[in-house]
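Enquirer: got a predicted structure plus its sequence, pasted below:
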Amino acid sequence: MPALQLNIQQLPQIPDFKLPEPYCHDIWQVTTWDYYKSAPDTQQDYWNRCGHTENPVIDFTTCLNPSIKEEIKYFLYTCVEINKIALINFSTYESRLRHLIALVNESYLDISSVNEIEETAFINYLLENNIIRNVYEKSGTRINKDMEKVDTLKKNRTILLLGHLKKVVTEYYEQATPEFEKDFWNYRNIPFLDKEKLSNQRNLDFTDIKQNYMRGQLKIFCYNQLLNKTASAVNNTLGFIKKFTCWLEKEHPKAIYFEEINRNILEDFFCWLRTESGFSTSYISHCILNLKNFFEIGVLLEFDHFPKIGLIVSSDYRTKKPIDPEFYSDAEMKNIFDALQKMPNVYAKLVLCFIVLALRAEDLLTLTPNDIEMKGNIPTLRIYQGKTRNPLNLCIPQGIYDLLQDQIAISQENYGKDTKYIFARSKNKHITYSAVVVAINKCFYELGVTGDDGNILRFKSHKFRKTKATKLISQGFGAQKAADALGHSGLRSLSSYANVNNETLISSMEPYLKKVDILVNNIGKIQDISKEEMKDALPLCNGWCCRPSSMGICDHANYCLSCSMFKPDIRHLNYYSLQLEEINATLKVAEISDNKRLIRKLQKDKAQLEKIIERVEELWQKET
């Protein structure tokens, strides 16, 4: 990774955007452009109603700050030529920018960029001049996590426009700067990320971190995390850490380096999280845990001016308690099916795909028309899992194949034949998961879809994966087939999905109950036997390794039980018995799951342990 600059890059005093005709002038005759003439009549009428009837031009000479004037011209140029927004939106932007120009003429004649205008100053100007009534305005209703209908509040769009303007001009100034030296990383400019899975991912924004040196180290941290984790996971981690840096800036503004952080400061932060932040217990635990992870990795990366000792302990956060797998019951599934025919077409299709295919939300929403094909007479779906990054081919029912083909036709009719995604919201973008959740929860609320507890059912796409895993295993298909159906590379992840009935659970617990008996019955029965130190033997946790040092380092870690150079020890007889019961327990689960490969390995280990126990017991009897 290139060396990161830890200082703020200075913006040029007089920007030179070199705009083409007709955007290079200070007065724009918009009504003469093909852009205006090709717009629908309704949009041209809107343009005229926004104050352009008598003076159908945009006059930038009214902006008395030459630098900001050029930035605003460049911003509107990108709206037309790069983003190709509708005339009605262009007119709205231009109208709202008049208020910003008025603020600049009044208070900011000597600044070199809009990046120097604080949002709070713009908000105060808008409120004091009665341009807006409230910072936040109602934009509709939504269903919250408690399945209650509440108002949706969004920041006033005139305020948001300032942030949009800053982003566009900053990207221009930084276009020659390496991506990793910027304060805003666009995932699409990072070469080693999978661009196909980034259409719905938020980019990494470091602008909120005001401490220059800390910001630089967080960039290095995030770069290393992106090499091994998904973009969304890194973004979540950065969000948690930014909560700390923003608090630190307010409470300890003189702090420059992370090495200035001590336990007292952290305890103050934890206290703020728990008493004043308003965050949930789960969010607070994740915040502290991610901060702990950052401190530990910073030590491994050998950061300068960084704490060298652990500052956060496990008691500072709550570990996740194991919970029973959550899945939809048969009655709940029936209620969902009954509601499908009354839901909007596209969302009904999505719910049906979640039920039948049990895909992760990201994998379903990013499906493209090329991902569906017929292999012989069998419809096949090809996905590239965003979480595991593994390719997966799934055989799908003919009904789902027809459903997806129908959605492809609808998307292409709406956005063109070269529309990228099956579930599209524009030519190159797919429906976002947040939009899916909001829409389906609203449908469940309005249609009265209830759960077993009588309350309105909440839509959770991942519950359909758990439901399918539970069904497959309970119907006798075996754990491996369930794992294959869900796209798991192994059986380990399946343990968090599949439920078992009481009879299976009791049967699987028998070896563990025996393990407890061994612990109780053998207390005090095996004395610590003094042994003469074995020459050239390496002590292990469960015996001795007699491998000669001349043979070099052993390449077979954990193969000791089946190794001829492993020598058991009577002092570990209790341990061998417990280990045997562990194997018996795991073997029981493997037999239930019909995992033949694991069964063969466990049976081999079991036979070796039984021989070791028999041999040690004989030695014990001789010595007693």
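Expert: The structure has been received and is ready for your questions.
Enquirer: pLDDT wise, what is residue 302 at?
Expert: At residue 302, the predicted lDDT confidence score is 88.
Enquirer: next one: the one 3 residues further on
Expert: Per-residue confidence for residue 305 comes out at a pLDDT of 92.
Enquirer: find the least confident helix or strand in this structure, judged by mean pLDDT.
Expert: Here the helix or strand of the chain ranked lowest by mean pLDDT, DSSP states H and E is helix 502-521, holding a mean of 42.
Enquirer: give me phi/psi at residue 383?
Expert: With angles defined as degrees, to the nearest 10, residue 383 sits at phi -130, psi 160.
Enquirer: wait, isn't it in contact with residue 362?
Expert: No - Residue 383 lies out of contact with residue 362 (CB atoms under 8 Å); the separation is 9.7 Å. Using the backbone N, CA and C atoms, a C-beta is placed for each residue, glycine as well.
Enquirer: list the contacts for the nearest residue to residue 36 once chain neighbours are set aside?
Expert: Excluding the flanking residues, the one nearest residue 36 by CB to CB, 6 or more residues apart in numbering is residue 30, at 5.2 Å. Residue 30 makes contact with 36, 47, 52, 56-58 under the criterion CB atoms under 8 Å, 6 or more residues apart in numbering.
Enquirer: likewise residue 147?
Expert: 441, 444-445, 455-458.
Enquirer: and with 10 Å instead?
Expert: Contacts for residue 147 (CB atoms under 10 Å, 6 or more residues apart in numbering) come out as 441, 444-445, 449-451, 455-459.
Enquirer: what sits closest to residue 378 if chain neighbours are left out?
Expert: Counting by CB to CB, 6+ apart, residue 395 is the residue found nearest to residue 378 once chain neighbours are left out, at 5.5 Å.
Enquirer: residue 411 against residue 419, yeah?
Expert: Yes - look at residue 411 against residue 419 with CB atoms under 10 Å: they come within range, at 4.9 Å.
Enquirer: what residues are shared contacts of the two?
Expert: With CB under 10 Å, 6+ apart as the test, residue 411 and residue 419 both reach 369, 426-427, 430.
Enquirer: so where do the strands sit in the stretch 301-450 of the chain?
Expert: Using DSSP state E, counting those that start in this stretch, the strands found in the stretch 301-450 of the chain span residues 372-375, 378-384, 391-395.
Enquirer: which secondary structure elements does the second one contact?
Expert: Translated: strand 378-384. Counting contacts by 3 or more CB pairs under 10 Å, 6 or more residues apart in numbering; DSSP states H and E, strand 378-384 packs against helix 345-357, helix 361-365, strand 372-375, strand 391-395, helix 398-415.
Enquirer: ok, 6 Å please
Expert: strand 391-395 (3 or more CB pairs under 6 Å, 6 or more residues apart in numbering; DSSP states H and E).
Enquirer: strands paired with the strand it packs on, and their directions?
Expert: Strands that pair with strand 391-395, judged by DSSP bridges, come out as strand 378-384 (antiparallel).
Enquirer: got the CA positions of the partner strand in CSV?
Expert: What follows is strand 378-384, C-alpha atoms only, in CSV (Å, rounded to 0.1, in the frame of the first residue of the first chain):
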residue,chain,number,x,y,z
ILE,A,378,-32.8,-28.4,-16.1
PRO,A,379,-33.0,-24.7,-15.2
THR,A,380,-29.8,-23.6,-13.4
LEU,A,381,-28.9,-20.5,-11.4
ARG,A,382,-25.2,-19.4,-11.2
ILE,A,383,-24.3,-17.1,-8.4
TYR,A,384,-21.1,-15.7,-6.9
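Enquirer: that strand to helix 345-357, inter-axis angle?
Expert: Counting by axes from the mean of the first three to the mean of the last three CA atoms, to 10 degrees, strand 378-384 lies at 100 degrees to helix 345-357.
Enquirer: okay, now the domains of the protein?
Expert: For the chain, the structural domains run 1-176, 178-321, 330-494, 502-623, going by automatic domain parsing.
Enquirer: report the beta-bridge partner residues of the residue nearest to residue 378.
Expert: residue 380.
Enquirer: run a quick neighbour tally on it.
Expert: 11 (other CB atoms under 10 Å).
Enquirer: likewise residue 135?
Expert: As a burial measure, residue 135 scores 14 neighbours (other CB under 10 Å).
Enquirer: got phi/psi on it?
Expert: Here residue 135 shows phi and psi, under degrees, to the nearest 10, equal to phi -70, psi -40.
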